[in-house]
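K.L.:
structure for the following, please:
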Amino acid sequence: MVLYPRTDFKLISTGVFSVFSRISVLTSHVYNCTNERNGYTCKCPTGFDGPRCDGDPCTSSEMLPQMEERSNPYSAIGSVTDENLAKAWYSAPEGMKMSDHAPPSGPACGAQNGLWSKMREGTSEYICLPFKDDTCKSMTTMKSMLCDGRRVYGIEKALWTSSYCFECRPDPIDLLFIQDVSSSVMKSVYDEMRLFIKYFVGDIDASQDAHNVALMTFAKEPKIAFHLNTYNTKTSIMSAIRSVNGTGGGTYLGKALELAASDIFTENNGDRGDSKNVVILLTDGRSKNTADVYKNVNALKGTAELFVVTSVISDMFADMPSSALSSNHVFTLSDTDGERFTRVILPDRFCNMAP
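P.N.:
Below you'll find the predicted structure:
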């Protein structure tokens, strides 16, 4: 179903989005469609979804073309021609989203008029033509969803030489650190792990509305230091990290992964349903009961994306099936390719423009 603007917005009909008043242009999958002011609603048959009832947006989308041009607010007129876009689900590269502010006056994003998103409310994006003082003109709606880190849009073609503007504006992540504090971890390695967490958190936008952070430690038993919603400022998060100390004892990583999967990423403990879940495991690469580790890596995979930062690439990780943990998700503390790690973990630093 397509959602509609709230009544506190003034709508000005200019014909730029004329497709929304023409149900006849939709595919034959659509039925029970009702015209609305500046839009329509459709009841889709079982198994279909989307602006044209054309399937699951996460599997039926294609990459929106000309992303480099449409992400440049000053790109020349004519390099993007969205009036030729077919009505369909389109995905954007990870970290890229529709601009949330008006582009510069005049030609923008490869066309005469750059379209931008006034706001997102649930699965509805409120799309505007630029107007003076960053106000919204001719607002209409489209549906958008998050699919495996990429945002997918139900785009109808734009008329009057308009293009959809995009920028590097990723969704916040819910981030869990799991630190090995068992007796097998040498003090020098323990100190490197703690510095890694300190610098990583210090280098991101950690706050209630941006990246949320949780911390666990493990030895013989796992322990939750704080949940995703315990602290909402970088200062309080950093203070809590400094207060956590090692305990020593045996190394049971499997138990920690099991607790992470069952307890951390829940609504009561701060998980945001529309945010990507990421786990960074810091370990020396050793653990009791490796079969339990493999089992719980697979269990966690259904909840979050796991990255390992280890002092050595032990057999436990080297022999792990790639279906459970990809080799490009395993790093060493001495890894000097910091940019590669940042690109993988923090798409807000380097939006991935590759399809």
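K.L.:
show me where this protein dips below the pLDDT cut-off.
P.N.:
1-55, 74-75, 106, 131-134, 149, 157-160, 170, 335-355 (pLDDT under 70).
K.L.:
helices or strands next to the longest strand anywhere in it in the packing?
P.N.:
Secondary structure of the chain per DSSP state E: the longest strand is strand 136-147. For strand 136-147, the elements it packs on are helix 57-60, strand 113-121, strand 124-130, strand 150-155, judged by 3 or more CB pairs under 8 Å, 6 or more residues apart in numbering; DSSP states H and E. (Each C-beta comes from the backbone N, C-alpha and C, glycine too.)
K.L.:
roughly how far apart are residue 86 and residue 63?
P.N.:
Counting by CB to CB, to the nearest Å, the gap between residue 86 and residue 63 amounts to 13 Å.
K.L.:
just residue 113 next, same as before
P.N.:
23 Å.
K.L.:
ok, now which ones touch residue 258?
P.N.:
Taking CB atoms under 8 Å, 6 or more residues apart in numbering, we find residue 258 in contact with 222, 292, 296, 299.
K.L.:
got a winner among the residues you listed for most neighbours?
P.N.:
Ranked by neighbour count (other CB atoms under 10 Å), these have residue 296 at the top, with 21 neighbours.
K.L.:
if I pick it, what's in contact with it?
P.N.:
Shown in contact with residue 296 (CB under 8 Å, 6+ apart): 254-255, 257-258, 261.
K.L.:
which of the residues you listed sits closest to residue 58?
P.N.:
Distance ranking of the contacts of residue 296 against residue 58, using CB to CB, places residue 261 first at 22.0 Å.
K.L.:
quick one on the thing from earlier: when residue 113 and residue 63 are compared, which one has more neighbours?
P.N.:
residue 113 (23 against 12).
K.L.:
picking up where we left off before, what residues of the longest strand of the chain count as buried?
P.N.:
For strand 136-147, a neighbour-count test (16 or more other CB atoms under 10 Å) marks 136-146 as buried.
K.L.:
what residues does stretch 307-327 touch?
P.N.:
Contacts for stretch 307-327 (CB under 8 Å, 6+ apart): 185-186, 189, 192-193, 196, 278-287, 290, 293-294, 297-298, 301, 306, 329-335, 344-345.
K.L.:
what about those residues, which are in helices?
P.N.:
Among these, the members found in helices (DSSP state H) are 189, 192-193, 196, 290, 293-294, 297-298, 301, 344-345.
K.L.:
for those, work out which two are farthest apart.
P.N.:
192 and 298 (28.1 Å).
K.L.:
related to what we said a few turns ago, among the contacts of stretch 307-327, name the buried ones.
P.N.:
Looks like those have 185, 189, 192-193, 196, 278-287, 290, 293-294, 297-298, 301, 306, 329-331, 333, 344-345 buried, using 16+ other CB under 10 Å.
K.L.:
can you report phi and psi for residue 82?
P.N.:
Backbone torsions of residue 82, given as degrees, to the nearest 10, read phi -70, psi -10.
K.L.:
my guess is it contacts residue 111. True?
P.N.:
Yes - Residue 82 lies in contact with residue 111 (CB atoms under 8 Å); the separation is 6.8 Å.
K.L.:
give me the common contacts of those two.
P.N.:
162-163.
K.L.:
neighbour-wise, which of the two wins?
P.N.:
Counted by other CB under 10 Å, residue 82 and residue 111 do not tie: residue 111 has more neighbours, with 27 against 23.
K.L.:
spell out the residue ranges of the helices in the protein.
P.N.:
Going by DSSP H, the chain shows helices at 57-60, 67-70, 187-202, 234-242, 253-259, 290-301, 315-318, 338-345.
K.L.:
and these, which is most packed in?
P.N.:
The highest mean neighbour count among the helices of the chain, using mean count of other CB atoms under 10 Å, belongs to helix 253-259: a mean of 23.
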